[in-house]
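>>> Give the three-dimensional model of this entry:
(one chain, ligands or ions: 1)
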Amino acid sequence: MIAAVSPSAADTDVLIVGAGPAGATAARTLACAGVRVRLVDRAAFPRNKPCGGGISLRVLTRFPYLERALARIPTHVLSRLYLEGPDGHATVIESDGPAALMIRRVEFDALLVSLAVEAGAELVTGADIAHAREENGRVVLTSRDGRRFAAPFVIAADGVHSVVARRLGLNPGWPATAVALDMMEETPRDRLRDIDPSTLWIAYGYSTKPEVSSLKSAGRDGQTSDFPLQTSGKRSAPEGYAYIFPKQDHVNIGIGYVLSYYRESVDEAPYELQRGLVDRLRARGIVAGESIRRNFTPSFIPVGGPLREPGRGRILLAGDAGGFVNGFTAEGIYYAMVSGDLAAKAVIKSADPASLGRRYAAACDYEIGVELRDSVVIQRYLFADRRRIAQIIDGADRELAATRLILDYAVGRRSYRAVRWRLLARSPLLAGRLVWNRIASGDGASRARKKSLSAAARRH
Ligand SMILES: Cc1cc2nc3c(=O)[nH]c(=O)nc-3n(C[C@H](O)[C@H](O)[C@H](O)COP(=O)(O)OP(=O)(O)OC[C@H]3O[C@@H](n4cnc5c(N)ncnc54)[C@H](O)[C@@H]3O)c2cc1C
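Next comes the predicted model:
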C-alpha cells in the first residue's frame, strides 16, 4: 500500500480531489514545480477502477517520464487492431510498431500516485469528499467523516460523478445522451482463454440482436463472406461497442452503450449482456472459458465532450470530472493525464482566480479541444447510419495513406491538428457536419475555420 499521511497542519497551495490519472498527474506536475500540493482520495492505493486499460502509445511522447516508470508494473503493447462493424464488415489494421499500451488500472494508477508522492505531493487517503464551498478566498472541502481541507485552489479530478463539480455548480450532472454505460470484466487469461494476445479487438455499433449482429458469422480473421450484409438503405447503428483488450496476464472483455440508447433499446441487464457477449465470442472461437461475474464492474464514461466551462474562479475540473474523454473511442486515460497536467500548469503560471478558469480552458482547447469535439460529432455521425461504419472499415483496407495517418496520431508521431485536414478531406459529409456543429455551437473561432473546412469539403 502506498503510504498516506495525516494531513499536516501546514498550509497547502493546491488541493486535488481524486488520485486517478488526472489527479495524480496534476499532483506530480505541481510538486515538481515546488508547489505545496495535497492529493485527497476516498480510496487507498492500490485500488481498482473499472476500465479497459488501453492507452494510445502517444502517452509516452506526451509524458516521457512514464517510459522508465512503467518498468515497475506489468505492461503489454499491441500493434494490431481488429475492427468490426454492425453489418459484418471487418478489417485488421497492423501498425509497423507498438500502437497501444495495455495496463491494469489497479497497478497503473498506483504507479502514478507513487510518482506524485515521490515528487513531493502529500497523499491523504480514506477521505470521501461530500461538501465543497468557497469561503474568504479559499475553497473548503469536507469529507464524510468530518475532516476539513482548505486551499486557495482546487483541482477536482474526482471522476465522472464529480461531487466537487456538482457542489460548486460547475456540472449539475451528465445527460443520458452524454454518458456511456460500460460493462466490463477483467479476468485472468488462464480463465478466459485462447484470446489472440497480439490484437485489440473492437466491434463498433455492436448489437446484441442476432439479426443485425455480425458476431455469429465473422471469425477471428473477420471472414464474413457467408453472411448476408445489410448495407442497403439508411439505418442507424446500435449506439455501442464491444471489445477485447489483452493484458500481460489478464483480459478485459466489455460492452458499452450510450446510456440513453441503453435505456430505450436494450432490454437486458448489464451482466446478461456481458455473459451473452462472452457466449457469442466463444461460439465464434475467439475466446474459450466462462465469464466470471465477480470480475464484472459496470461503470460510466462521459462521452459527450468536455464541459464548456471546465474551470471557474479557484476551481479547475480535470479528467472525467470535466468530460475530457474521446467520444468516438471512449479513451479517457490519456486526456485525464493531459488535462491534469494542464490544470497544474495553469495554477503554476498565475494564481489570479479572475483569469485562471479561462486560461485553463484555453490551454485544454488548444491541445485537445478540437479532437475531443470532433470525436463527439464522429461518434454521432457513425451511429446515425451504419453504412458509414462499413465505409470506414472498407476504407481502412483501401486507403492505406489515411490508415497510416491515424496510426501516426495514435503513437504520437503527428498531432491531431496535423492529420485532421487530410482525414476530413476524405469525408466531405463529415467535414460539413463538423463545420455545422461549430457554427451551431456559436463558437466564434469556428467561423474562421469554417472557410477552410468548407474548402476542404468542396475539393472532394
Ligand atoms: C468500463 C470502462 C472502461 C474504460 N476503458 C478505457 C480504456 O480502455 N482506455 C481509456 O483510456 N479509458 C477508458 N475508460 C475511461 C477511463 O477509465 C477514464 O476516462 C479515466 O479513468 C478518467 O480518469 P480520472 O482521473 O479523471 O478519474 P478516475 O480514474 O475515475 O479517478 C477518480 C478518483 O477520484 C476518487 N474520488 C471520486 N469521488 C471522490 C470523492 N467524493 N472524494 C474523494 N475521492 C473521490 C476516486 O476514488 C478515484 O480514485 C473506461 C471507463 C470505463 C468505465
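
>>> ok, and the closest non-adjacent residue to the spatially most central residue of the chain?
With distances taken as Cα atoms, centre = their mean, Gly332 lies nearest the centre of the chain, 1.8 Å away. Once flanking residues are discounted, Gly332 sits nearest to Val325: 4.0 Å by Cβ to Cβ, 6 or more residues apart in numbering. No exception for glycine: its C-beta is placed from N, CA and C like everyone else's.

>>> what about the one you found, how many neighbours?
Val325 has 29 neighbours, counted by other Cβ atoms under 10 Å.

>>> Ok, Ala24 next?
Applying other Cβ under 10 Å, we find 32 residues neighbouring Ala24.

>>> for Leu400, same thing?
By other Cβ under 10 Å, 11 other residues sit near Leu400.

>>> With Glu94 as the reference, measure out to it.
The gap separating Leu400 from Glu94 is 11 Å, by Cβ to Cβ, to the nearest Å.

>>> residues touching the residue nearest to Ile73 when sequence neighbours are not counted, list them.
Once flanking residues are discounted, Ile73 sits nearest to Glu107: 4.2 Å by Cβ to Cβ, 6+ apart. Contacts were defined as Cβ atoms under 8 Å, 6 or more residues apart in numbering; by that measure Glu107 touches 46, 73-74.

>>> which bits of the stretch 301-450 of the chain sit near the ligand?
Residues of the stretch 301-450 of the chain lying close to the ligand (Cβ under 6 Å from any ligand atom) are 301, 319-321, 325, 330-334, 336.

>>> do that again at 5 Å, thanks
In this structure, the stretch 301-450 of the chain approaches the ligand at residues 301, 319-320, 331-333, 336, judged by Cβ under 5 Å from any ligand atom.

>>> out of those residues, which are inside helices?
Within those, residues falling in helices by DSSP state H are 333, 336.

>>> possible to save the residues of the stretch 301-450 of the chain next to the ligand as JSON lines with distance to Ile255 and pLDDT?
As requested, these are exported to JSON lines (distance: Cβ to Cβ, whole Å; pLDDT from 0 to 100):
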{"residue": "Ile301", "distance to Ile255": "13", "pLDDT": "97"}
{"residue": "Gly319", "distance to Ile255": "23", "pLDDT": "98"}
{"residue": "Asp320", "distance to Ile255": "20", "pLDDT": "98"}
{"residue": "Glu331", "distance to Ile255": "17", "pLDDT": "96"}
{"residue": "Gly332", "distance to Ile255": "17", "pLDDT": "97"}
{"residue": "Ile333", "distance to Ile255": "19", "pLDDT": "98"}
{"residue": "Ala336", "distance to Ile255": "22", "pLDDT": "98"}
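
>>> Walk me through the domains of the protein.
14-53+105-173+307-367, 72-103+177-302 (automatic domain parsing).

>>> Adding distance to Arg386, write the ones you listed out as CSV.
Listed next are the domains of the chain as CSV, based on distance: least, Cβ to Cβ, whole Å:
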stretch, distance to Arg386
domain 14-53+105-173+307-367, 15
domain 72-103+177-302, 4
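
>>> winner for burial among the ones you listed?
domain 14-53+105-173+307-367 (a mean of 22; mean count of other Cβ atoms under 10 Å).

>>> So which other helices or strands are in contact with the strand or helix carrying Gln379?
Assigning secondary structure by DSSP states H and E places Gln379 in helix 370-384. Using 3 or more Cβ pairs under 8 Å, 6 or more residues apart in numbering; DSSP states H and E as the contact test, the elements touching helix 370-384 are helix 386-398, helix 416-424, helix 428-440.

>>> Can you point out the buried residues in the shortest one?
So that's helix 416-424. Within helix 416-424, the residues that qualify as buried are 416, 419-420, 423-424, counting by 16 or more other Cβ atoms under 10 Å.

>>> low pLDDT regions in the protein?
When residues are selected by pLDDT under 70, those of the chain lie in 3-10, 210-233, 428, 435, 438-460.

>>> wouldn't Arg386 be in contact with Tyr204 here?
No. Contact criterion Cβ atoms under 8 Å: Arg386 and Tyr204 do not qualify, at 9.7 Å.

>>> can you list residues touching both of the two?
Common neighbours of Arg386 and Tyr204, counting by Cβ under 8 Å, 6+ apart, are 85-86, 237.

>>> Among these, which one lies nearest to Ala157?
Lowest distance from Ala157 to these (Cβ to Cβ) belongs to Ala237, with 32.8 Å.

>>> contacting residues for the closest one?
Residues near Ala237 by Cβ under 8 Å, 6+ apart: 85-86, 204-205, 207, 382-386, 389.

>>> Go again with 7 Å.
The neighbours of Ala237, taking Cβ atoms under 7 Å, 6 or more residues apart in numbering as the test, are 86, 205, 382-383, 386, 389.

>>> which SS class is it?
State at Ala237, reduced to three classes by DSSP: H, G, I helix; E, B strand; the rest coil: coil.

>>> now it: how far from the ligand?
Applying Cβ to the nearest ligand atom, to the nearest Å, the value for Ala237 to the ligand is 20 Å.

>>> State the phi and psi torsions of the nearest residue to that residue once chain neighbours are set aside.
Distance criterion Cβ to Cβ, 6+ apart; nearest residue to Ala237, sequence neighbours excluded, is Gly205 at 3.2 Å. The phi and psi values for Gly205, taken as degrees, to the nearest 10, are phi 70, psi 40.

>>> Spit out the contact partners of Gly205.
85-86, 237-238, 382-383, 386, 389.

>>> What ranges does the stretch 251-400 of the chain have for its strands?
Secondary structure of the stretch 251-400 of the chain (DSSP state E, counting those that start in this stretch): strands at 296-302, 311-312, 315-317.

>>> Wait, Arg133 touches Thr142, no?
No. Counting by Cβ atoms under 7 Å, Arg133 stays clear of Thr142, with 8.5 Å between them.

>>> separation between the residue nearest to Gly332 and Pro172?
18 Å.

>>> right, so of the strands of the stretch 251-400 of the chain, which gets closest to Arg62?
Closest among the strands of the stretch 251-400 of the chain, using Cβ to Cβ: strand 315-317, at 18.8 Å.
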